[in-house]
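> From the sequence below, what's the structure:
(one chain, ligands or ions: 1)
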Amino acid sequence: AIIVLISYQPKEYPTDYEQLSTDERIVIRFSHVVGENTPKGMAARKFAELVKERSNGYIEVQVFSNGTLYKDGEEMNALSRGDIQMIAPAISKLTELVPEISVLDLPYAFYTLDEVHEFVQSDAGNKLTDKLKNHNLLVVGLWDSGFKQISNSIRPIEHYSDLSGLRMRIMPSNILEEQYAAVNAQTKRIDFNTVFNQLQKRNVDGQENTLTNITSKNLFSLQNYLTISNHGYLGYFLLFNLDFWNSLPEDVQQLLTETLAEVQEWEWELTKQLNEEKLQDIENCQCIQIHYLSDEDQKEWEEKFEPVYDYYKNHYGDEFIKALPKNQQ
Ligand code: LMR
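As a prediction, the model looks like this:
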């Protein structure tokens with residue numbers, strides 16, 4: 001489902017689109033839950049700009065950020081109903097629909113973003129994303145948010161045993177639940193847009209997220225300790241309502257496909273850069289105590305997380321685990 005970059009041959013689109021009503025043009029409503037200044041927020045805007053430019057405004061992508069149109073937890077239904085045509089949810093949020101997808105949630109399944117890209121673009125990855133077609137969802141791309149880091153307000157997390165007893169916010173995913181169960185921490189599934197509030201009310205002690213999400217929602221202002229653990233991937237599948245996609249003329253599908261492939265490459269670079277910048281910012285502000293997990297500690301964490309892999313295999317089989325880049329050769 002992830003598309004290879006082909007050289008772009010523009011088709012002639014009407015230049016008088018401004019006279020056309022929205023019924024005569026193609027309008028794609030794209031809703032997401034994060035801030036404008038995140039990789040997803042910026043890539044969504046870039047995609048909309050390029051599509052407008054290349055179609056002379058005939059195709060209009062309307063981007064709604066920060067959950068202002070539909071909140072986390074509402075956007076999937078809105079997409080199914082056809083109220084919106086496109087979303088880019090965190091992959092963890094698709095695991096309730098297709099549990100096998102939670103292979104991407106497994107702790108230390110990937111060591112680099114390139115490995116994630118390789119896996120998602122492999123035959124196994126395509127097989128995985130194709131399962132969403134049964135739910136009328138077409139995957140048209142993968143955008144990164146990066147690797148997750150752990151923040152909390154109770155104590156520095158160095159050894160995995162430091163997580164014991166903490167109450168952690170997670171996205172809705174059994175694997176994320178199992179990950180924390182393996183280290184005796186508790187979990188609560190909380191919508192992204194209420195994480196700040198729930199941390200403030202002390203209904204949870206901590207959370208895991210990428211640095212761009214942690215900084216753009218100011219989560220670090222409520223937390224005392226941050227561990228750079230890079231233990232899990234957070235990324236997005238770009239989803240179209242499949243019926244809507246199939247209703248589009250072929251040349252429109254082609255323009256969208258090629259533009260998405262280009263924006264995806266751009267987004268991958270942007271994410272690396274932004275997460276590095278955010279780490280610098282957090283270090284400089286000295287507003288939170290940062291611990292970098294050592295290689296030795298990371299090995300211990302990985303061993304401690306082995307039962308999470310067993311859980312996955314017992315429930316969803318081992319096909320996709322075997323296909324992970326780290327299990328190849
Ligand atoms: C989260 O819920 O933490 C993330 O999915 C938010 C996002 O979309 O990056």
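> Please make it C-alpha for all contacts and neighbour counts, starting now.
Fine.
> And the most centrally placed residue in the chain, what's its pLDDT?
Nearest to the mean C-alpha position of the chain, counting by CA atoms, centre = their mean, stands residue 235 at 2.6 Å. Here, the pLDDT recorded for residue 235 equals 98.
> a strand runs through it, doesn't it?
Yes: counting by DSSP: H, G, I helix; E, B strand; the rest coil, one finds residue 235 located in a strand.
> The closest residue in space to it that isn't next to it in sequence: how many residues sit nearby?
Nearest in space to residue 235, with sequence neighbours left out and distances taken as CA to CA, 6 or more residues apart in numbering, is residue 144 at 4.3 Å. Residue 144: 24 surrounding residues under other CA atoms under 10 Å.
> got it, and residue 83?
With other CA under 10 Å as criterion, residue 83 counts 15.
> just checking, it is part of a helix?
No: when classified by three-state DSSP, residue 83 is found to be coil rather than part of a helix.
> measure stretch 316-324 end to end?
15 Å (CA to CA, to the nearest Å).
> The residue nearest to the centre of the chain: what's it in contact with?
The contact partners of residue 235, by CA atoms under 8 Å, 6 or more residues apart in numbering, come to 90, 91, 142, 143, 144, 145, 146.
> Name the helix or strand for the residue nearest to residue 235, please.
Secondary structure from DSSP states H and E places residue 144 in strand 137-147.
> Would you mind measuring from the residue lying closest to residue 191 once chain neighbours are set aside to residue 237?
The spatially closest residue to residue 191, leaving aside those adjacent along the chain, is residue 72, at 5.8 Å (CA to CA, 6+ apart). Taking CA to CA as the measure, residue 72 and residue 237 are separated by 15 Å.
> do residue 52 as well
Residue 52 sits at a distance of 22 Å from residue 237 (criterion: CA to CA).
> So these two - more neighbours on which side?
Set residue 52 next to residue 237 and count neighbours by other CA under 10 Å: residue 237 wins out with 23 against 15.
> what does the stretch 201-329 of the chain have sitting close to the ligand?
The stretch 201-329 of the chain has residues residue 209 near the ligand, with proximity defined as CA under 6 Å from any ligand atom.
> Going along the chain, name the strands of the stretch 201-329 of the chain.
Using DSSP state E, counting those that start in this stretch, the strands assigned to the stretch 201-329 of the chain run over residues 206-209, 225-228, 233-241, 289-292.
> Helices along the stretch 201-329 of the chain, start to end?
Chain-ordered helices for the stretch 201-329 of the chain, with DSSP state H, counting those that start in this stretch as the definition, fall at 211-216, 242-247, 250-285, 295-304, 306-316, 319-322.
> Which of the ones you listed has the highest mean neighbour count?
helix 211-216 (a mean of 21; mean count of other CA atoms under 10 Å).
> just the strands of the stretch 201-329 of the chain: most buried one?
Per residue and on average, the most neighbours among the strands of the stretch 201-329 of the chain fall to strand 206-209, with a mean of 25 (mean count of other CA under 10 Å).
> mind saving the C-alpha coords of it as CSV?
Only the C-alpha atoms of strand 206-209 are listed here, as CSV (Å, rounded to 0.1, in the frame of the first residue of the first chain):
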residue,chain,number,x,y,z
GLY,A,206,3.3,9.5,33.5
GLN,A,207,3.0,8.9,29.8
GLU,A,208,5.0,7.8,26.7
ASN,A,209,5.2,9.8,23.6
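> Mind giving me the packing neighbours of it?
Counting contacts by 3 or more CA pairs under 8 Å, 6 or more residues apart in numbering; DSSP states H and E, the secondary-structure elements packed against strand 206-209 are strand 149-152, strand 167-170.
> so how far is that strand off the chain centroid?
Relative to the chain's own centre, strand 206-209 is displaced by 14 Å; criterion: CA atoms, centre = their mean, to the nearest Å.
> residues in contact with that strand?
By CA under 8 Å, 6+ apart, the residues outside strand 206-209 that reach it are 147-153, 166-170, 199, 223, 234.
> let's see 6 Å
148, 149, 150, 151, 152, 168, 169 (CA atoms under 6 Å, 6 or more residues apart in numbering).
> Does the fourth one touch residue 222 like I think?
The one in question is residue 151. No: Residue 151 sits out of contact with residue 222 when judged by CA atoms under 6 Å, with a separation of 9.4 Å.
> Looking at those two, which one has more neighbours?
Neighbour comparison, residue 151 and residue 222: the larger count goes to residue 151, with 28 against 19 (by other CA under 10 Å).
> Which residue is the nearest non-sequential neighbour of that one?
Of all residues not flanking residue 151 in the chain, residue 226 sits nearest, at 4.3 Å (CA to CA, 6+ apart).
> can you pull the buried residues of the helix-or-strand element of the chain with minimal mean pLDDT?
For the chain, counting by mean pLDDT, DSSP states H and E, helix 75-81 ranks last in confidence among helices and strands (a mean of 92). Of the residues in helix 75-81, those buried under the neighbour-count criterion (16 or more other CA atoms under 10 Å) are 75, 76, 78, 79, 80.
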